[in-house]
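[1] with the input below, show me the fold.
(2 chains)
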Amino acid sequence: MSTEDFIDYIINEYEMIAPEESGHDSDSFWKEVMTYYSDSMLKASVTKKNAARILYAFLRHVIKIPNVDWNNAKRLRDIYECRVCAEAIAQTYERGIINASAETAFGINDVMMEADLRDSVRKTLNYI
Amino acid sequence: MLTPDRLETKGRYDSFDNGEVFYNKKKNHLPAMGWNSWNAFGSGNTEALTKAMADKIVELGLDKLGYEYVILDDGCYKPERVGGKLSNEETKFPGGFKQLSDYIHSKGLKFGMYNDIGTNLCAGAAVGTCGHEKEDAESYIEWGVDFLKVDNCYYPFDNATFSNPENAAYTFAPNIRAIKLIKQADSGAEEKSGETILSAVKDGRINGSRASVENDYVTGLGTFDGTGPESSPVGVRSSELAFSVKNDETGTEYELSVEYQSGCMEGVGNWLQIAVNDELIFDEFLNKDLIPSLKKPEGEEEDKEPELLPFTWSDPVKISLRQGDNTIRLMNHRRQENTLNSYARLLKELSIINPDHDIIYSACEWGKTHPQNWAYKVCDSWRILNDITFRVGSDGDPGHGAWVEDYTTSVTTQYSKAVIMDEFAGPDKGWNDPDMLMIGMNGLDETQCRTHMTMWCMMNSPLMLGLDLRRVEKGDWIYNIIANKDAISINQDELGIQAKRVYSTLAIEEPDKEYIWDIDRVDVLVKPLKNNELAISFINVSTDYKAEKVSVTIADIEKYFDGKIKTAKEYKVRNIWTGETTENTTGVFEIDGIKACDNLTIIATPIF
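    As a prediction, this is how the structure comes out:
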């Protein structure tokens, strides 16, 4: 699944379960995430850090839930390697949406398998 | 394929201390003051929010206090160039940058923007200045930009954030086992009677503070990575391997070969610089098969073990040795040199278009290459560490700042490094930048924010507000901190002397030089001001109350400033946070207990 496909998949899944609330909100989510990535990045596979960033944008723009405090996320050594996705990693990790690859490493550059991506979307939509 | 430029002598490590700036860079600016969008809104900043901030700066009168720059950080451009040029992200900035610039200028404020020396911006947009300096300089001049913050993500010539890790090949020398010298007259002969092999471990000497011996070779020839808080900013932050060679004849030509092991990881690279008696005679990749940019584009994710090739002998390089003692230096200073060169390329283009431009240029390479050594040549300030917070806000969310954290993400981490960097700052150089202010973010209370402001003012740091100013009203606690005239006057004092730490309860010998991480301490900072005034700050860095008496005398202070300050027997003393005034006739300034995270800061005016 490419990054662009992943973004489309989230919107489609959301519209299936909450059609009356889709539209403007998912529109602003889509506009937000499309500013993140160049064309080549949209075609690339989805790394964990990018999955976190996209799902975090969804949590903020569509589900609109406040951030939780960083707890176990502070133990992830690689979280500070990505200034633009650190909060996203922490929020998706603390909420159990994306798991870490080890006790002290999120695995920010690991490519996510399609099944894991679908599972992360399912967990995200549970917050609606 | 992107390749690092060939460098002129003026951009080399050996020229870092010569005090010369590039391209007529204007100096004698005081630390910049303003508002930057990043801590407040992250990459979610918009034109409407930016205009609202500009309006609020004027409404609160912050412009009259010196806050003049309104800066768009990452997230404002389209993710791809349009016709080779930068353009505005139309959803967020529908009116375009020129219109926004005009709006900000119409308020009597100045307009700042953001870019990156790499191929992409940190947030991902593929619009970094690398290779596009000319057209970007044209855009910035056209848009009336007064301030540029330039980042270091996706940088192709170092293993920077989001860069390929293999780019370490550019910035570290290979492991070195030996060098071989053959007299040129003998090089074609079957019997190499003039051949000399010198062992790196037994015959070489490591200068500086980065490299080490491992088994029978020397490794780590390069520059420390200063992004994290681990390494001190003071002293030589790199190392070289040097050989002393005595030559009994005049002008003998030699062939020099190096026994090396190339790699592409932090500590072991593939780029070698060789100098003979200060003349650089080699500066490029040793192994042509291990050039990262030939393997994959920047930012492409790929998990694989870094390569480490077997030891081998290099092709010979012709060198000339003078009669008597010679020094052969093996090194790699490209981490600093490449980064300087990349920042210089944009400055050069700006200067070609408008030789009189006075754009404030803020290097945001996070202290990675120890910019305190070189950035004064091209910039007005330089970040000293990775970001002060990774938990930036958004519209409706103030974000989160911390007083203490293990990494760079706290007031005290940034402060503990910057506080010993006064030797690098000054009007003829520029300013150490411990990142934007976190005043008004969640996670910091009023006392901590007051001390945060004090620290930044005493250290001549740029004062970049990082909060949604719509949350501030005149007279509230946030306003009272950011608008404190005495604090600002300390930061903006025309002498431009960064405070020196003259005492710390945890310092052993040199409080102004020792890099102290442990926050369980009280520091005393002194900053000479115009008219022979002194700003003196007692700072409890700890999160616990400190009961001990801490004092500093005028005699102590004089010692740290080498007699360059004029002292008096009596002082009129004003507390900058309470406004209380007293007189001091003892020449002893002291506190007797101080609250957690608090500061007591005074301006002492001499009575002659």
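[2] show me the domain layout of chain B.
    Chain B breaks down by automatic domain parsing into domains covering B:172-331, B:500-607.
[3] those into a markdown table, with extra columns for mean neighbour count?
    No exception for glycine: its C-beta is placed from N, CA and C like everyone else's. A markdown table is the format used below for those (neighbours: other C-beta atoms under 10 Å in any protein chain shown):
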| stretch | mean neighbour count |
| --- | --- |
| domain B:172-331 | 18 |
| domain B:500-607 | 17 |
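[4] quick one: which of those is nearest chain A?
    Chain A lies closest to domain B:172-331 among the domains of chain B, at 5.0 Å (C-beta to the nearest C-beta).
[5] give me the contact list for stretch B:566-580.
    Stretch B:566-580 has contacts (C-beta atoms under 8 Å, 6 or more residues apart in numbering or on different chains) with B:450, B:454, B:484, B:486-487, B:490, B:532, B:534-535, B:554, B:557-558, B:581-585, B:587, B:589, B:599-608.
[6] kindly check the end-to-end length of that stretch for me.
    Chord length of stretch B:566-580, first to last residue, is 24 Å (C-alpha to C-alpha, to the nearest Å).
[7] cool, stretch B:126-137 as well?
    Stretch B:126-137 has an end-to-end distance of 17 Å (criterion: C-alpha to C-alpha).
[8] repeat that for stretch B:404-419.
    16 Å.
[9] need the contact partners of that stretch.
    By C-beta under 8 Å, 6+ apart, stretch B:404-419 touches A:74, A:80, B:227-229, B:233, B:367, B:384-391, B:401-403, B:432, B:434-435, B:438, B:444, B:448, B:451-452, B:455, B:459, B:461, B:499, B:501, B:515-517, B:519, B:523, B:525, B:541, B:543.
[10] the contacts of stretch B:566-580: which ones sit near chain A?
    The subset of the contacts of stretch B:566-580 within reach of chain A, by C-beta under 8 Å from any C-beta of the partner chain, is empty.
[11] what about these, which are in strands?
    B:534-535, B:581-584, B:589, B:599-607 (DSSP state E).
[12] tell me which two in these are the farthest apart.
    The largest separation in the ones in strands among the contacts of stretch B:566-580, counting by C-beta to C-beta, is between B:599 and B:607 at 24.6 Å.
[13] for chain B, what are the nearby residues on chain A?
    Residues of chain A lying close to chain B by C-beta under 8 Å from any C-beta are A:31-32, A:34-41, A:44-45, A:47, A:60, A:66-67, A:70, A:74, A:79-84, A:86-87, A:90, A:109-111.
[14] helices of the chain, start to end?
    No chain was given, so I picked chain A. Using DSSP state H, the helices of chain A run over A:3-17, A:24-34, A:39-43, A:48-58, A:86-94, A:114-125.
[15] hmm, no, I was thinking of chain B.
    B:37-41, B:47-59, B:97-106, B:133-142, B:168-171, B:334-353, B:411-418, B:446-458, B:477-482, B:485-491, B:554-560.
[16] now these in a markdown table, with mean pLDDT?
    Formatted as a markdown table, the helices of chain B follow (pLDDT from 0 to 100):
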| stretch | mean pLDDT |
| --- | --- |
| helix B:37-41 | 97 |
| helix B:47-59 | 98 |
| helix B:97-106 | 98 |
| helix B:133-142 | 98 |
| helix B:168-171 | 94 |
| helix B:334-353 | 98 |
| helix B:411-418 | 98 |
| helix B:446-458 | 98 |
| helix B:477-482 | 98 |
| helix B:485-491 | 98 |
| helix B:554-560 | 95 |
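[17] what's the closest of these to residue B:250?
    For the helices of chain B, the distance to residue B:250 is smallest for helix B:334-353, at 32.8 Å, taking C-beta to C-beta.
[18] how big is the angle separating that closest one from helix B:133-142?
    If you take axes from the mean of the first three to the mean of the last three C-alpha atoms, to 10 degrees, helix B:334-353 sits at 50 degrees to helix B:133-142.
[19] now helix B:334-353: buried residues?
    B:334-351 (16 or more other C-beta atoms under 10 Å in any protein chain shown).
[20] residues of chain B that sit close to chain A?
    So far as C-beta under 8 Å from any C-beta goes, chain B lies against chain A at B:42-44, B:74-75, B:78-80, B:89, B:91-92, B:120, B:122-126, B:161-162, B:297, B:299-301, B:303, B:386-387, B:390-392, B:394, B:397, B:400, B:405-409.
[21] just the buried subset of these, written out for ChimeraX, thanks.
    With 16+ other C-beta under 10 Å as the criterion, this ChimeraX line picks the buried residues out of those:
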select /B:42,43,44,74,75,78,79,89,92,120,122,123,124,125,126,161,162,299,301,386,387,390,391,392,394,397,400,405,407,408,409
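[22] and residue B:344, how far from chain A?
    24 Å (C-beta to the nearest C-beta, to the nearest Å).
[23] thought that residue was touching residue B:377?
    Yes. Assessed by C-beta atoms under 8 Å, residue B:344 is found in contact with residue B:377 at 7.3 Å.
[24] between those two, what contacts are shared?
    Common neighbours of residue B:344 and residue B:377 (C-beta under 8 Å, 6+ apart) are residue B:22.
[25] mind listing which of the contacts of stretch B:404-419 are in strands?
    Short answer: those in strands (DSSP E) are B:432, B:501, B:523, B:525.
[26] export those as a markdown table, with columns for distance to residue B:99 and pLDDT.
    Below are those laid out as a markdown table (distance: C-beta to C-beta, whole Å; pLDDT from 0 to 100):
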| residue | distance to residue B:99 | pLDDT |
| --- | --- | --- |
| B:432 | 35 | 98 |
| B:501 | 46 | 98 |
| B:523 | 46 | 98 |
| B:525 | 43 | 98 |
